[in-house]
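Visitor: Structure here, sequence nowhere to be found:
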């Protein structure tokens, strides 16, 4: 990499539960709000940026140019180009790496990486047979042909199709897949509830100390993450009924992320551009790795980041002891716990062709300002929430401190990245 | 300025005034009320704001469009033009020009005090002109003001008709956008604006006022044009609009955008760009 890429800022809107305060906001609205807040804070109004990369997992067909349209609605110069990327829940981290790589190569000097998702304003589509009939009718050359096409519509075709978070190849939801992993890795209920409670308490503490003052902009009257329950406890979480894994399941609505609405954005730059714009670099982007597991061959759907973590650390000549902070996306509490167990499992790591186990993550270094269980998880936005959060945390700790981000994604994929304070 | 202020309990002020505003006046002589109407503590309805934003093409933001505040003051226009002391009625009055200034960004969560009065009744070649002057405040701070000039066709006002405002001669333009406006747009905008004027939704009412079909509200066209360039509108800005030719529904219109020394000049035109429907200027507020 010829140029050092630094994270110089970030902005998101507070996240909220689906059907909550952002029920009427679209992906376009929320992404524009996240970008505009970042532009205002960094003093970039009217500037032509190198590129904006964003994406959403649940996307309306009309939003094919979602990010470009958000740029045009934002205070950025209309000459700022944009592109849409999507890698399920890793989208916000993948857009970060896409721009970081371009900046490293000298193709750009700056850019905004972003992600957004609305599960409230999710697209509803028509059934596949009805869609085929409508397409046939639209190609019809005569009224007769059109009527013939419409005549094939059956009542069953008319049920609208809501987007699902089920894996296309297995029909199992993310939670159901994770329930299999939870059993396989023997993750108990109490550990999950403890992790969830800690996430809420740490996020609440971070809000209380003003940590998010320069990372979040209020939107539609929401000033703090609306999912956050500062007063939750292990005891209270223990009363919830299982949501996944059957009646004996250990995964509940309390230790799983809720469907969420929100958007987040990261400002990336070369060191020179940051200096010229009087922006303080928080951390540099060191390296990243994307990985996938054998799905649906029986591998744990959400453990793909484990292999990426091992390979990335080895490539950088680092061990977990060299990492000061870990940000492991809390898709489910048990995902984090299974990941940490897998890191220490010699057999599992050997099966990934790693040179021995990755090692142990001290709990006090993990998700120190909470993560998705407390903040919420608007799929594509999560990576772009974590990157500036970690960069700022590392900056607080001083130059040379390192952080690792691990994000699992649908389809048995994952992205892992390392940041280092400058 | 010593103007009496009638404070209303809430928006919209329903009742007799509302009904009267919708009945065309038979009076020849234009009379306007001398008092102002005011309503305090207006909570902006986020659902309606979201709906308004969709209908007009705005991004739903934490801060609201200037045209939205105009819409919030509109029930006060109705109250004044339905008042017994007014011989000018909302129905039959033509919105000729509109000027508004957003003095600072206004959050969707801020409570507003809204006040409107009528002034400057004057003769015009085709009737009488009058200004509805509105103002929005947050905690006593003025955040928005607007002047809506209406022409009460066929009515008389004292004085000599002033010379018409000089406009730059119109040159046909090449539109850079084409908007297809569906027949239901008038009903959609009525829902979000609460402007009950039937010429926007009823073919019969439109005919009675000399239009072949319902016409879209001038303030929709105004809002839609601003929404098309929303990323370039300064945080504090002034927007001047002249409504020259009504847009019939359903219909197709064009938009031309040209930057000038002061800001942006927008023209909503016939789809071929030959005739203007609405001309707009947007520039930073001073």
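Guide: Good, I have the coordinates. Here the structure is a predicted model, which is why all the values come from computation and not from measurement.

Visitor: Quick check on residue B:128: phi, psi?
Guide: phi -120, psi 140 (degrees, to the nearest 10).

Visitor: check contacts around it.
Guide: For residue B:128, the contacting residues are B:30, B:88, B:121-122, B:151-152, B:155-157, by C-beta atoms under 8 Å, 6 or more residues apart in numbering or on different chains. C-betas here are computed from N, CA, C, even on glycine.

Visitor: is it possible to export the residues you listed to a markdown table including pLDDT and neighbour count?
Guide: As requested, the contacts of residue B:128 are exported to a markdown table (pLDDT from 0 to 100; neighbours: other C-beta atoms under 10 Å in any protein chain shown):
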| residue | pLDDT | neighbour count |
| --- | --- | --- |
| B:30 | 92 | 24 |
| B:88 | 91 | 28 |
| B:121 | 95 | 18 |
| B:122 | 95 | 17 |
| B:151 | 95 | 21 |
| B:152 | 93 | 26 |
| B:155 | 91 | 25 |
| B:156 | 91 | 14 |
| B:157 | 90 | 20 |
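
Visitor: Mind checking which of those land in strands?
Guide: Among those, the ones falling in strands (DSSP state E) are B:121-122, B:151-152.

Visitor: for the chain, where's the lowest mean pLDDT among helices and strands?
Guide: Picking chain A for this. Lowest on mean pLDDT, DSSP states H and E among the helices and strands of chain A sits helix A:128-139, with a mean of 85.

Visitor: try again with chain B
Guide: helix B:16-21 (a mean of 74).

Visitor: all helices of the stretch 51-200 of chain A, in order?
Guide: A:66-73, A:91-105, A:128-139, A:143-150, A:174-184, A:189-208 (DSSP state H, counting those that start in this stretch).

Visitor: for the fourth one, packing partners?
Guide: Going back to what we said before, that points to helix A:143-150. In terms of contacts (3 or more C-beta pairs under 8 Å, 6 or more residues apart in numbering or on different chains; DSSP states H and E), helix A:143-150 is packed against helix A:128-139.

Visitor: Return the list of strands paired to whichever helix or strand comes after the least confident helix or strand of chain B, each annotated with direction.
Guide: With elements assigned by DSSP states H and E, the helix or strand that comes after helix B:16-21 is strand B:36-42. Paired strands of strand B:36-42, with direction, are strand B:5-8 (parallel), strand B:112-124 (antiparallel) (DSSP bridges).

Visitor: lowest-confidence stretch among the ones you listed?
Guide: Lowest mean pLDDT of those: strand B:5-8, a mean of 90.

Visitor: Which positions in that one come out as buried?
Guide: Under the neighbour-count criterion of 16 or more other C-beta atoms under 10 Å in any protein chain shown, strand B:5-8 has B:6, B:8 buried.

Visitor: Sketch out the low-pLDDT regions of the stretch 51-200 of chain B for me.
Guide: B:163-166 (pLDDT under 70).

Visitor: mind listing the helices for it?
Guide: Taking DSSP H, counting those that start in this stretch, the helices of the stretch 51-200 of chain B run over residues B:66-80, B:185-193.

Visitor: what's the angle between the longest one and strand B:112-124?
Guide: It refers to helix B:66-80. 70 degrees (axes from the mean of the first three to the mean of the last three C-alpha atoms, to 10 degrees).

Visitor: Any part of helix B:66-80 near chain A?
Guide: No. Using C-beta under 8 Å from any C-beta of the partner chain, we find that helix B:66-80 stays clear of chain A, coming within 13.8 Å at best.

Visitor: The residue of the stretch 151-286 of chain B found nearest chain A: what's it in contact with?
Guide: Among all residues of the stretch 151-286 of chain B, residue B:231 sits closest to chain A, at 5.2 Å; criterion: C-beta to the nearest C-beta. Listed by C-beta under 8 Å, 6+ apart, the contact set of residue B:231 reads A:71-76, A:78.

Visitor: near chain B, which residues of the stretch 251-400 of chain A?
Guide: Not one residue of the stretch 251-400 of chain A sits near chain B, judged by C-beta under 8 Å from any C-beta.

Visitor: now the strands paired with strand B:36-42 as TSV including distance to residue A:379?
Guide: Below are the strands paired with strand B:36-42 laid out as TSV (distance: least, C-beta to C-beta, whole Å):
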stretch	distance to residue A:379
strand B:5-8	46
strand B:112-124	36
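
Visitor: Of all the ones you listed, which one comes closest to residue A:233?
Guide: Among the strands paired with strand B:36-42, strand B:112-124 comes nearest to residue A:233, with 41.4 Å by C-beta to C-beta.

Visitor: Now do the buried residues in the closest one.
Guide: Buried, per 16+ other C-beta under 10 Å, within strand B:112-124: B:112-118, B:121-124.

Visitor: nearest to chain A, of the residues you listed?
Guide: The closest of those, once distances to chain A are taken by C-beta to the nearest C-beta, is residue B:112, at 14.6 Å.
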